[in-house]
Structure formats: structure tokens, C-alpha cells
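> got a predicted structure here, sequence first:
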Amino acid sequence: MQTPMKIQFAMDTLTTAQALEWAAAAAPHVDILELGTPLIKSEGLAAVTAVKAAHPDKIILADLKTMDAGGLEAEIAFDAGADLVTVLGTADDSTIAGAVETATRHGKGVVVDLIGVEDKALRAQQAVELGAEFVEMHAGLDEQAQEGYSLDGLLTAGRSAGVPFSVAGGVSSTTAGDVKAAGAQIAVAGGALYSAEDIGSAAEELRAAVA
């Protein structure tokens with residue numbers, strides 16, 4: 001029996017207050033609350049602590065996009081209440097391994113973000129061998145804004161990798177079915193939720209699309 005797909009809400013805001021408002025609206029329909037890199041840079045890891053306190057039943061992902069000092073950065077995020085942290089796939093293997101070692105000690109997890117990685121399928125396999133819980137097939141906002149962008153490349157890489165993966169890069173209720181069909185464990189949605197007139201309704205619609 002296939003495990004139900006999880007939904008991750010990427011909260012790309014600059015204030016903890018906004019993140020808490022968005023999280024409250026989406027929480028009944030999502031599994032993972034992601035505190036985006038700009039939010040953490042703006043408000044610090046106190047934002048992680050605040051969201052975890054408000055939603056202790058949710059998985060909290062601190063999108064650190066760590067490139068160096070993997071163990072140290074993971075440590076401070078886990079101490080703040082994060083359940084998952086991201087390390088960039090372009091980082092050295094030792095950086096990923098260091099974060100994984102810390103995660104193991106805390107009973108937490110590391111997600112390797114493959115934004116900017118050319119051969120995503122290969123690096124995904126390497127990352128999981130290094131101990132990553134899953135990898136994120138990710139196209140950033142700048143890449144998504146380019147003419148001709150589609151999710152197809154991410155979905156193809158996910159299928160080819162043969163490891164647990166999430167997809168982030170313009171996921172919405174209209175594309176979520178394709179993400180599920182590609183075998184992803186997690187659909188990551190940002191703008192499709194927080195730009196909606198009613199975040200709760202949009203999250204509920206996305207949940208129905210992957211049911």
C-alpha cells in the first residue's frame with residue numbers, strides 16, 4: 001500500500017507574525033511547515049521556535065540551505081525546534097555527512113536541496129547514501145520565472161533517482177497529480193498557497209489533488 005503523499009507549505013515571508021498567520025490557516029491540510037530562507041535570515045531561528053510552539057504536531061523544516069559547517073548549523077536549528085534542515089546538494093560530502101551526524105544524535109533529519117545541481121538524479125543517490133532522509137528536486141523562484149520553465153525536468157530526475165524525494169518548483173493543485181504520479185513522497189507548495197485569497201481553501205484543494 002502506497003504511503004499517502006505529504007504536503008509541505010513553503011512560507012516565503014519575512015516576518016514571524018505572517019508565518020504564524022499562514023501556518024494557522026494551512027495547518028489542517030498540510031504535514032510540513034517550511035520556514036523559508038528569507039524568513040530565517042530576517043527573523044533568525046526564533047521564527048522556528050515560534051512556529052514549532054504553535055504547531056507541535058507538525059514537522060517543522062528550517063530551510064537553511066547550508067553550504068558549510070553542516071553539523072554546527074544543523075545543531076542550532078534542531079535546538080531551536082526544527083525537525084528537518086536543508087543542506088545544499090552542491091555542498092561537499094563532508095558538509096552533508098556532518099549535518100546527518102548531528103541529525104542522528106537529535107533524532108531529526110536532513111533534506112538535501114538539489115537547487116542548482118546539474119545531474120540531480122546522481123546527486124540524489126549520493127545524498128541518500130550519505131544519510132539524507134530525502135532529497136528535494138527544486139527549481140528556485142528565479143528559475144521558475146524564466147520563459148519555458150516546467151516541472152518536467154524535476155519529475156524526470158525524481159523518477160530516475162529511485163530515492164525518496166520531494167518536488168518544489170511551482171507545485172499547485174493542477175500539477176500535484178503529476179508530482180504524485182512521478183513517485184514523489186512530498187509536494188512542496190509555496191506561492192500556490194500563500195498567494196491564494198483563502199490559504200486554507202487552497203491547502204484543502206491541494207490535499208484533495210494528491211489524495
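Here it is on my side, so go on. Source: prediction; values computed, not measured. Residues are numbered from 1 along each chain as shown.

> now do the SS call for the residue nearest to Lys108 when sequence neighbours are not counted.
Leaving aside its sequence neighbours, Lys108 sits nearest to Phe78 (Cβ to Cβ, 6 or more residues apart in numbering; 5.1 Å). Just so you know, the C-beta spots here come from the backbone N, C-alpha and C atoms, and that holds for glycine as well. Phe78 carries the three-state label helix when classified by DSSP: H, G, I helix; E, B strand; the rest coil.

> so Phe78 versus Gly44, what's the distance?
Counting by Cβ to Cβ, to the nearest Å, the gap from Phe78 to Gly44 is 15 Å.

> ok, the two, which is more surrounded?
Between Phe78 and Gly44, counting by other Cβ atoms under 10 Å, Phe78 is the more crowded of the two (23 against 13).

> go ahead and confirm that one touches Thr104.
No. Counting by Cβ atoms under 8 Å, Phe78 stays clear of Thr104, with 10.8 Å between them.

> please, where are all the helices along this structure?
Using DSSP state H, the helices found in the chain span residues 16-26, 37-43, 46-54, 70-80, 93-106, 120-129, 141-144, 152-161, 176-181, 191-194, 199-210.

> export the ones you listed to a markdown table and tack on distance to Met5 and mean pLDDT?
A markdown table is the format used below for these (distance: least, Cβ to Cβ, whole Å; pLDDT from 0 to 100):
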| stretch | distance to Met5 | mean pLDDT |
| --- | --- | --- |
| helix 16-26 | 16 | 98 |
| helix 37-43 | 24 | 97 |
| helix 46-54 | 22 | 98 |
| helix 70-80 | 25 | 98 |
| helix 93-106 | 23 | 98 |
| helix 120-129 | 18 | 98 |
| helix 141-144 | 21 | 93 |
| helix 152-161 | 12 | 98 |
| helix 176-181 | 5 | 96 |
| helix 191-194 | 15 | 97 |
| helix 199-210 | 4 | 97 |
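
> so which of those helices comes closest to Val112?
For the helices of the chain, the distance to Val112 is smallest for helix 120-129, at 3.8 Å, taking Cβ to Cβ.

> chain center to stretch 35-45, what's the gap?
Remark: stretch 35-45 is offset 14 Å from the chain centroid, using Cα atoms, centre = their mean, to the nearest Å.

> with stretch 27-40 instead?
Offset of stretch 27-40 from its chain centre (Cα atoms, centre = their mean): 8 Å.

> pull out the buried positions in that stretch.
Using 16 or more other Cβ atoms under 10 Å as the test for burial, stretch 27-40 gives 27, 29-37, 39-40.

> got it, and stretch 89-101?
Applying a neighbour-count criterion of 16+ other Cβ under 10 Å, one finds 89-91, 95-100 buried in stretch 89-101.
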